[in-house]
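In: model the structure of this input:
(one chain, ligands or ions: 2)
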Amino acid sequence: MNGAAPIGDGIFQIAVPITNNPLGHTLVYAMESPNGLILVDAGWDDDNGWNGLTAGLAEIGHSVKDVEGVVLTHFHPDHVGLCGRVREASGAWIAMHRSDFDEFELMTAARDQEFLNFHRQNLINAGAGPSDVAAFELADAPQAPTTSASKPDRILNDDERIPLAGRELRAVHTPGHTPGHVCFHLEDADVMFTGDHVLQKTTPHVGAFQYPMEERDALAEFLASLRRMKSMNITRGLGAHGIPIDDVAARSDELVAHHEERLSHLHEAFGDDELTVWQVAERMKWYKPWGDISPLGKHMALAEAAAHLRHLVARNLAVQVPDRAPAVFVRVE
Ligand SMILES: [Zn+2]
Ligand SMILES: [Zn+2]
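Out: Ligands and ions are numbered 1, 2, ... in the order given. Okay, here's the model as predicted:
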């Protein structure tokens with residue numbers, strides 16, 4: 001899937017490789033406008049990614065110097081990564097939603113040992129055993145390239161129109177995948193850049209960051225954002241991974257149904273047992289048996305399980321048992 005492809009309406013898709021990641025690529029979109037190119041996301045920050053981006057721009061008859069601005073769908077390294085290098089080469093501005101900008105500040109402050117300690121304690125709070133905690137520490141975790149070089153210089157709010165010559169682009173805040181995830185509606189072409197909020201072939205990751213129970217109900221946010229997408233009634237969608245979306249409204253509906261099914265399955269899987277977050281993860285259905293999932297895969301699954309558990313608690317379908325460490329939960333009928 002390397003290279004660049006024209007989408008029509010002055011939009012081009014550039015597949016920027018993500019090194020050593022099963023996702024393979026981030027699909028960066030370049031839009032032509034009278035003042036230059038606007039990029040939706042930038043791709044993974046290493047030489048491999050940079051070469052993919054610059055070669056893709058050359059293929060569509062441009063250079064990185066033509067980039068006027070970068071709009072970021074969300075704060076994940078496969079989206080944010082290269083924006084600092086793009087700005088350095090072109091003088092482009094970088095825009096991101098307020099809530100992910102806050103995250104950016106937090107993550108760049110908490111690095112290395114402090115970050116690892118946080119994850120270790122978090123896993124223990126979730127009920128992970130010593131061997132699972134050790135396995136995570138040994139796993140080759142890809143480090144988020146969140147240097148201050150890629151810090152955004154424009155903050156976006158919901159429903160904000162981004163001032164561009166000759167194009168109508170609006171930010172639509174769609175929290176869930178991250179707190180500040182934004183889809184971009186290119187109104188003049190009626191196409192939605194969906195980032196990681198809606199994908200055609202995969203179900204976007206929704207996780208909780210803090211275990212056993214965090215304040216933020218990420219799944220509730222995600223479901224509300226999907227319903228909002230549906231209500232906008234837009235057909236054509238361009239996601240950041242995989243293939244184009246035929247019908248954004250219909251796909252949003254499918255994703256809601258998928259999570260409703262997972263929630264009722266989890267509620268059933270509880271039975272009469274008391275479960276830690278880790279045990280909840282073990283009982284959910286994954287793409288392969290729990291024992292075969294890699295330590296990093298388990299970490300992602302645990303986050304996903306915590307988000308579903310958090311939402312069951314919000315719906316009064318599960319409750320935390322008081323005074324237990326690690327925390328355990330029971331089903332409410
Ligand atoms: Zn993402
Ligand atoms: Zn992504």
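In: can you give me the strands in the stretch 201-333 of the chain?
Out: For the stretch 201-333 of the chain, strands defined by DSSP state E, counting those that start in this stretch occupy the ranges 236-239, 318-320, 329-331.
In: buried deepest among the ones you listed, which one?
Out: strand 236-239 (a mean of 22; mean count of other Cβ atoms under 10 Å). The way it works is simple: take the backbone N, C-alpha and C, and place the C-beta from them, glycine included.
In: residues making contact with that one?
Out: Contact partners of strand 236-239, identified using Cβ atoms under 8 Å, 6 or more residues apart in numbering, comprise 7, 11, 13, 27, 29, 40, 189-196, 198-200, 244-248, 251.
In: could you pick out the buried ones from those?
Out: Among the contacts of strand 236-239, those classed as buried by 16 or more other Cβ atoms under 10 Å are 7, 11, 13, 27, 29, 40, 189, 191-196, 198-200, 245, 248, 251.
In: ok, and which of the contacts of strand 236-239 reach ligand 2?
Out: Contacts with ligand 2 within these, counted by Cβ under 5 Å from the ion: Asp196.
In: so which of the contacts of strand 236-239 are in helices?
Out: Of the contacts of strand 236-239, the ones assigned to helices by DSSP state H are 248, 251.
In: so who does Glu187 touch?
Out: 168-170.
In: residues from the stretch 101-250 of the chain in reach of ligand 1?
Out: Counting by Cβ under 5 Å from the ion, the stretch 101-250 of the chain comes close to ligand 1 at Asp196.
In: of all of the stretch 101-250 of the chain, which residue lies closest to ligand 2?
Out: In the stretch 101-250 of the chain, the residue that lies nearest ligand 2 is Asp196 (4.4 Å; Cβ to the ion).
In: got it, and the stretch 1-150 of the chain?
Out: Closest point on the stretch 1-150 of the chain to ligand 2, by Cβ to the ion, is Asp78, at 4.6 Å.
In: quick check: which element contains that residue?
Out: helix 77-80 (DSSP states H and E).
In: contact partners of that helix?
Out: 18, 21, 23, 26, 41-45, 72-74, 96, 104, 142, 144-146, 150, 195-196, 240.
In: for the stretch 51-200 of the chain, which segments count as helices?
Out: For the stretch 51-200 of the chain, applying DSSP state H, counting those that start in this stretch gives helices covering 77-80, 83-90, 98-109, 112-126, 130-138.
In: how about the stretch 201-333 of the chain?
Out: Under DSSP H, counting those that start in this stretch, the stretch 201-333 of the chain gives helices at 218-232, 248-270, 277-283, 295-314.
In: mean pLDDT added to the ones you listed, as TSV?
Out: What follows is these, written out as TSV (pLDDT from 0 to 100):
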stretch	mean pLDDT
helix 218-232	98
helix 248-270	97
helix 277-283	97
helix 295-314	94
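In: quick one: which of the ones you listed is nearest Ala134?
Out: Among these, helix 295-314 comes nearest to Ala134, with 9.1 Å by Cβ to Cβ.
In: any idea how far stretch 317-326 is from the chain center?
Out: How far stretch 317-326 lies from its chain's middle: 29 Å, per Cα atoms, centre = their mean, to the nearest Å.
In: scratch that, stretch 41-52
Out: When C-alpha coordinates are averaged (Cα atoms, centre = their mean), stretch 41-52 and its chain have centres 17 Å apart.
In: in the stretch 151-300 of the chain, which residue sits closest to ligand 1?
Out: For the stretch 151-300 of the chain, Cβ to the ion, closest residue to ligand 1: Asp196, 3.7 Å.
In: let's see the pLDDT reported for that residue.
Out: Asp196 is assigned a pLDDT of 98 by the prediction.
In: so it touches Pro175, yeah?
Out: No. Using Cβ atoms under 8 Å, Asp196 makes no contact with Pro175, being 11.9 Å away.
In: give the intersection of the neighbour lists for the two.
Out: With Cβ under 8 Å, 6+ apart, Asp196 and Pro175 have common neighbours His181.
In: before we move on, the earlier item: okay if I get the helices of the stretch 201-333 of the chain as CSV plus distance to Tyr211?
Out: CSV is the format used below for those (distance: least, Cβ to Cβ, whole Å):
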stretch, distance to Tyr211
helix 218-232, 13
helix 248-270, 16
helix 277-283, 5
helix 295-314, 6
